[in-house]
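A.B. asks: Predicted structure and sequence below. I'll ask about it afterward.
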Amino acid sequence: MSSQGSGPVPSSTPSSATPIIKPTDLRGILRYVPRFQGQIFVLALDGSVVADENFGNLLVDIAVLRSLGIKVVLVHGIGHQLQELSETRKIPISNLDGTGITDAATLDLAIRASARVSHLILEGLTQNALKCAITNAVRALPVGILRGVEQLFTGKVDRIDKDFLSHLIERDIVPIIQPIGYAPEGQSLRINSDLLAAEVGEALGASKVIYLGALAGLEINGEVQREIPVDRLRALLKDNPGHIAPAALSKAQHAVRALETGVSRVHLVDGRTFDGLINEIFSNEGVGTLIYANDYQQIRKARRADVRHIYNLTRAAVRREELLHRTQTMIEKHIDQFYVFEIDENIIACVTLTFYADKPQLAEIGSVYVMPFYQNRGIGRKLIEFACLRAKERGATQALALSTQSYSFFTSVMNFEEATTAVLPEARLKSYAENGRNPKVLIKAL
Ligand SMILES: CC(C)(COP(=O)(O)OP(=O)(O)OC[C@H]1O[C@@H](n2cnc3c(N)ncnc32)[C@H](O)[C@@H]1OP(=O)(O)O)[C@@H](O)C(=O)NCCC(=O)NCCS
């Protein structure tokens, strides 16, 4: 899939050095489609990206995302255009990025710059046959006085009109959100676009916020990171912010904020790179930086106090012969093997991880159970991924699962393969033969 195409500005030609998605990669892309279909991605375009010659290609990439059923919201910045306007009109500005004081002259130029950028986006989306709308969905309030200094027309987000934006999205209209918010009495206020994208992501329950800027990614100690967990980035921002490239600091801060409020992935991508957006989303390695939330924070090791809860949780599945019968005493005896998944301190799922002395490279994943109300929300998958990670950390190279009724979950969803009883450790082979349930033996390389 190539995103060559004409945009409102001349398109760049891919050089031999730039990664290009070939039609043969289509299968790779289609793998992601069921996962992303219907999800909301907030794309935050810096003003410099809209001014870049690759912008036309980027719009084609956005059209590709829409055609795959991904819902897109565009938030744009204006720094580049504001700077240009200030220089050509010889009007000094009080602040460029919406984080400092915005005086009346700067606000006036910001509104003009914003109109120009939105217009370019409107033209480009029209060229790609996408319906779009500039909105007044961002209600703002003045930041007010900070450390004794009045910030004038700098605003903060008061409320995002979620219903309005959802209404547009549901009708296949791409909302375009400017870095200008509106106070209740209609006054325009300048808002930083990195902050705005994080706020929009939170309000809409977006699965991704993708910052498209003029940076190769998040640079830490001079090196662009391919991926970083939010906990590490948060700690770095707190203890060693100087290690982060200054140009990426604002995006790093707002990425953490977005991830803390429910967005599960934030990407920093160079919006000037041909196919950068598509490659970042649809390839395992990515080309920018992926910042991700800790997916496993709701999973913890079981404690003695959990025995009764685990017993009650799994009783129905035992009755249906989905799980092997275990008494409370048996659960207590093997409590070290159990991990539980909690929502609001209630255990709603569990899994066990067992090691065998005679086959230390093998780890058995068992007793996977998700309360019916919570099934089909990705919890079972997360538990098994977590158990596989733990097993690998402890030196196992293969995961084993024995299943009577849910084996297709292991094979089709978790990529386990059917094996014979020959792979079982001796002790396990004995209990396998004794209990008469005759489960399928499934195996996965870690
Ligand atoms: C099997 C089980 C653990 C899956 O957990 P879950 O949280 O519902 O599953 P997830 O939301 O992570 O994954 C959903 C996917 O798994 C598939 N799936 C769920 N249960 C399945 C099953 N029994 N067989 C095959 N596929 C199944 C869904 O169709 C869905 O596929 P999709 O992503 O392609 O749409 C859960 O349904 C369960 O607890 N079942 C009863 C107990 C049981 O059988 N445990 C296994 C003992 S070894």
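C.D. replies: Looks like it came in fine.
A.B. asks: partner strands of the one helix or strand Leu400 maps to, parallel or antiparallel?
C.D. replies: With elements taken from DSSP states H and E, the one containing Leu400 is strand 398-403. Applying DSSP bridges to the sheet, strand 398-403 is found paired with strand 359-370 (parallel), strand 440-445 (antiparallel).
A.B. asks: tell me the most buried of those?
C.D. replies: Stretch with highest mean neighbour count among the strands paired with strand 398-403: strand 359-370 (a mean of 21; mean count of other C-beta atoms under 10 Å). Bear in mind the C-beta positions are built from the backbone N, C-alpha and C, glycine included.
A.B. asks: and it, does that touch the ligand?
C.D. replies: Yes - shown here: strand 359-370 in contact with the ligand (C-beta under 6 Å from any ligand atom) through Val368, Tyr369, Val370.
A.B. asks: which residues of the stretch 1-150 of the chain score low on pLDDT?
C.D. replies: Counting by pLDDT under 70, the stretch 1-150 of the chain has low-confidence residues at 1-25, 28, 31.
A.B. asks: picking that back up, run the chain-centre distance for the strand holding Leu400.
C.D. replies: Remark: strand 398-403 is offset 29 Å from the chain centroid, using C-alpha atoms, centre = their mean, to the nearest Å.
A.B. asks: now stretch 395-411
C.D. replies: Chain-centre distance of stretch 395-411: 27 Å, with C-alpha atoms, centre = their mean.
A.B. asks: cool, stretch 336-346 as well?
C.D. replies: For stretch 336-346, the distance to the chain centre is 24 Å (C-alpha atoms, centre = their mean).
A.B. asks: Poorly predicted segments of the stretch 151-300 of the chain, please.
C.D. replies: 284-285.
A.B. asks: would you list every one of the strands in it?
C.D. replies: Using DSSP state E, counting those that start in this stretch, the strands of the stretch 151-300 of the chain run over 155-160, 173-177, 180-182, 188-190, 208-213, 219-220, 223-224, 227-229, 265-270, 289-292, 299-301.
A.B. asks: Among those strands, show me which one is buried the most.
C.D. replies: strand 208-213 (a mean of 28).
A.B. asks: send the alpha carbons of that strand over as CSV?
C.D. replies: Extracted in CSV, the C-alpha atoms of strand 208-213 (Å, rounded to 0.1, in the frame of the first residue of the first chain):
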residue,chain,number,x,y,z
LYS,A,208,-4.5,6.2,20.6
VAL,A,209,-3.2,9.7,20.6
ILE,A,210,-0.7,10.1,17.8
TYR,A,211,1.5,13.2,17.9
LEU,A,212,2.8,14.0,14.4
GLY,A,213,5.5,16.5,14.8
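A.B. asks: any idea how far the closest residue in space to Gly69 that isn't next to it in sequence lies from the ligand?
C.D. replies: Closest residue to Gly69 apart from its sequence neighbours, by C-beta to C-beta, 6 or more residues apart in numbering: Gln37 at 4.0 Å. Noted for Gln37: a distance of 11 Å to the ligand, by C-beta to the nearest ligand atom, to the nearest Å.
A.B. asks: my read: Gln37 touches Ile70, true?
C.D. replies: Yes - using C-beta atoms under 8 Å, Gln37 is in contact with Ile70, at 7.0 Å.
A.B. asks: need the contact list for the residue minimising distance to the centre of the chain.
C.D. replies: Geometric centre of the chain, nearest residue: Arg265, 1.7 Å, by C-alpha atoms, centre = their mean. Residues in contact with Arg265 (C-beta atoms under 8 Å, 6 or more residues apart in numbering) are Ser207, Lys208, Val209, Leu290, Ile291, Tyr292, Ala293.
A.B. asks: ok, and of these, which contact the ligand?
C.D. replies: By C-beta under 6 Å from any ligand atom, no member of the contacts of Arg265 lies near the ligand.
A.B. asks: Distance to Arg89 for the residues you listed - can I get that in a markdown table?
C.D. replies: Shown next, in a markdown table, are the contacts of Arg265 (distance: C-beta to C-beta, whole Å):
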| residue | distance to Arg89 |
| --- | --- |
| Ser207 | 41 |
| Lys208 | 37 |
| Val209 | 33 |
| Leu290 | 40 |
| Ile291 | 38 |
| Tyr292 | 43 |
| Ala293 | 43 |
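A.B. asks: Could you dump the strands paired with strand 398-403 into a markdown table with mean pLDDT and distance to Lys156 added?
C.D. replies: A markdown table is the format used below for the strands paired with strand 398-403 (pLDDT from 0 to 100; distance: least, C-beta to C-beta, whole Å):
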| stretch | mean pLDDT | distance to Lys156 |
| --- | --- | --- |
| strand 359-370 | 94 | 40 |
| strand 440-445 | 96 | 48 |
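A.B. asks: Could you confirm Leu122 falls within a strand?
C.D. replies: No - counting by DSSP: H, G, I helix; E, B strand; the rest coil, Leu122 is not found in a strand; it is helix.
A.B. asks: Compute the number of surrounding residues for it.
C.D. replies: Neighbours of Leu122 under the rule other C-beta atoms under 10 Å: 17.
A.B. asks: from the stretch 151-300 of the chain, which residue is nearest to the ligand?
C.D. replies: The stretch 151-300 of the chain approaches the ligand most closely through Asp295 (11.7 Å), counting by C-beta to the nearest ligand atom.
A.B. asks: how about that residue, what does it touch?
C.D. replies: The neighbours of Asp295, taking C-beta under 8 Å, 6+ apart as the test, are Ser264, Lys382, Glu385.
A.B. asks: Next, give phi and psi for the spatially closest residue to the second one that is not a sequence neighbour.
C.D. replies: Pointing back at Lys382 there. What sits nearest to Lys382 in space, not counting adjacent residues and going by C-beta to C-beta, 6+ apart, is Asp295, at 6.0 Å. For Asp295, the backbone dihedrals (degrees, to the nearest 10) come out as phi -70, psi -20.
A.B. asks: what's in contact with stretch 62-70?
C.D. replies: Here stretch 62-70 has contacts from 1, 3, 29, 33, 36-41, 43, 72, 74, 125, 128-130, 172, 174, 277-278, 281, using C-beta under 8 Å, 6+ apart.
A.B. asks: Just the ones in helices from the residues you listed, please.
C.D. replies: In helices, judged by DSSP state H, the following of the contacts of stretch 62-70 are found: Ile29, Val33, Phe36, Leu125, Leu277, Ile278, Ile281.
A.B. asks: how many neighbours does the third one have?
C.D. replies: Think Phe36. Phe36, neighbours per other C-beta under 10 Å, totals 18.
A.B. asks: Please apply the same query to the fifth one.
C.D. replies: Neighbour count of Leu277, defined by other C-beta under 10 Å: 28.
A.B. asks: now the second one
C.D. replies: Using other C-beta under 10 Å, Val33 is surrounded by 12 other residues.
A.B. asks: what do you get for the fourth one?
C.D. replies: Applying other C-beta under 10 Å, we find 24 residues neighbouring Leu125.
A.B. asks: That one reaches Cys132, doesn't it?
C.D. replies: Yes - with contact defined as C-beta under 8 Å, Leu125 counts as touching Cys132 (4.5 Å).
A.B. asks: what do those two both touch?
C.D. replies: Val174, Ile176.
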